[in-house]
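Chemist: I'll drop the sequence and a predicted model, then ask my questions.
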Amino acid sequence: MLKVFASLEQVFKDARRVLITAHTAPDGDAVGSAAALAHIALHFGLDARLMPDFGDAAAIVLPAPAVSSCAGLAGFVPDLVIFADCGDAARAGEELRALVESGVFPGTERVRPRIVNMDHHADNPGYGHINLVYPECASTSELVGRFAEYLSLPLAGGLGEAVYLGLVSDTGNFTFSNTSADSLSMAARIVAAGLNVTDFTNRTENTWSLARMRLWGKLMSKVTLHAGGAVSCCLVRKAWLDEAGLNAGDLEGFSSRLRCLQGVRVGLFVREEAERKCRVSLRSMGDFDVRAVAARFGGGGHPSAAGATLALDPDAAQRVILETLEAGLGRTAAVKV
Ligand SMILES: [Mn+2]
């Protein structure tokens, strides 16, 4: 890791304008790792932009302007593009997927920025010129935190908050199977550097609207059990979100709640995005590989947290995933959990 950190440090030294991107429908690790990289870019004196526009998902103060598309960059042409927490380039959206494919920055004829890929998804194909893909990191933010510490930057202030957001987000507040001594000790160093955990949580998590809590209540009242109680399942129709004036970000974390039920090994959450288009999220406690299930439907992720997008209505999407889960769990029925 030290050798590739040295290469990355040189990339930052050589660059002038950096675009830092994370996946669309961003979670705390996407926001946190991108924001932490922006802090590091500012340390090197770079002009930085973030994409997508994280909006309400940000939860923390972003150190650089965030735009929703390349058009929003308004003439800002980067010589460095960093993908954070994107298991494949397409997760950063169509424009930046095209950048990886052609090498040419969208809207220009021959600008070819350096492409850096920082991630912790094991199925990341390594689409950058420089690839830092470390599945042993519980979050991409932890990887960025390690790079900051390699640069002797203390994980304090905005940088510490950004890394901490990713640490807690991808480990479910240090409860998921990926939680390691490394992630906990990095959190300890951030707290030692001044982060107030209660104040941070108040600003980032204790911010629910009543409409959001009531929607969660409605969804929880509709949870069903399958495969002899080994699978919990819930689906949300787009109309329910629209009626409540909510969006997908208001459901962040719901899929993990589905694992709380005693005896459940896999939680399945189906969210209708549009007509005949659903996002399915799968969560396990690490003893059943949900990434393999997601991969069968063109998705990916981690062994205990994965997702896929299906061109089906929500009931059909639920049915096909449940069938796959039931077959898979049947094969591992002998596993004692
Ligand atoms: Mn992540």
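Modeler: Received the coordinates, thanks. Numbering: from 1, shown residues only.
Chemist: Quick check: end-to-end length of stretch 247-259?
Modeler: Terminal residues of stretch 247-259 are spaced 22 Å apart (C-alpha to C-alpha, to the nearest Å).
Chemist: Show me how the record splits the chain into domains.
Modeler: Per the record, the chain has its domains at 2-203, 210-331, by automatic domain parsing.
Chemist: Off-centre distance for the first one?
Modeler: Spelled out, that is domain 2-203. Its chain's C-alpha centre lies 10 Å from the corresponding centre of domain 2-203 when counted by C-alpha atoms, centre = their mean, to the nearest Å.
Chemist: Is the residue of the stretch 1-150 of the chain found nearest the ion in a helix, a strand, or coil?
Modeler: Per C-beta to the ion, the residue of the stretch 1-150 of the chain with the smallest distance to the ion is Asp29, at 3.5 Å. C-beta coordinates here come from the backbone N, C-alpha and C atoms, glycine included. The three-state label given to Asp29 by DSSP: H, G, I helix; E, B strand; the rest coil is helix.
Chemist: Thr198 too?
Modeler: Three-state secondary structure (criterion: three-state DSSP) places Thr198 in helix.
Chemist: tally of neighbours for it?
Modeler: Around Thr198 there are 8 other residues, counting by other C-beta atoms under 10 Å.
Chemist: got it, and Leu2?
Modeler: With other C-beta under 10 Å as criterion, Leu2 counts 7.
Chemist: let's number from 28 now, not from 1
Modeler: Noted, 28 is the first residue going forward, which turns the last one into Leu29.
Chemist: Might one say that it is in contact with Tyr177?
Modeler: Yes: in this structure Leu29 lies within contact range of Tyr177 using C-beta atoms under 8 Å: 7.0 Å.
Chemist: ok, the helix or strand bottoming out on mean pLDDT in the chain: who's next to it in the sheet?
Modeler: Every helix and strand of the chain was ranked by mean pLDDT, DSSP states H and E. The lowest is strand 327-329, at a mean of 90. Strand 327-329 has these partner strands in its sheet, going by DSSP bridges: strand 332-337 (antiparallel).
Chemist: Can you name the element that comes right after the partner strand?
Modeler: Beyond strand 332-337 in the direction of the C-terminus, DSSP states H and E gives the next helix or strand as helix 341-358.
Chemist: on that earlier part again, need the winner for burial among the domains of the chain.
Modeler: For the domains of the chain, the stretch with the most neighbours on average is domain 29-230, a mean of 19; neighbours defined as mean count of other C-beta atoms under 10 Å.
Chemist: how long is that domain from one end to the other?
Modeler: Between the opening and closing residues of domain 29-230 we find a distance of 34 Å, counting by C-alpha to C-alpha.
Chemist: Please name the nearest non-neighbouring residue to His66.
Modeler: Take His66 and drop its neighbours on the chain: the residue closest to it by C-beta to C-beta, 6 or more residues apart in numbering is Leu186, 4.1 Å away.
Chemist: Give me the distance between Ser311 and the ion.
Modeler: Ser311 is 16 Å from the ion, where distance means C-beta to the ion, to the nearest Å.
Chemist: what's across from that residue in the sheet?
Modeler: For Ser311, the residues forming beta bridges with it (DSSP bridges) are Val293.
Chemist: and it, what is it in contact with?
Modeler: Under the criterion of C-beta atoms under 8 Å, 6 or more residues apart in numbering, the neighbours of Ser311 are 286, 292-294, 317, 330-332.
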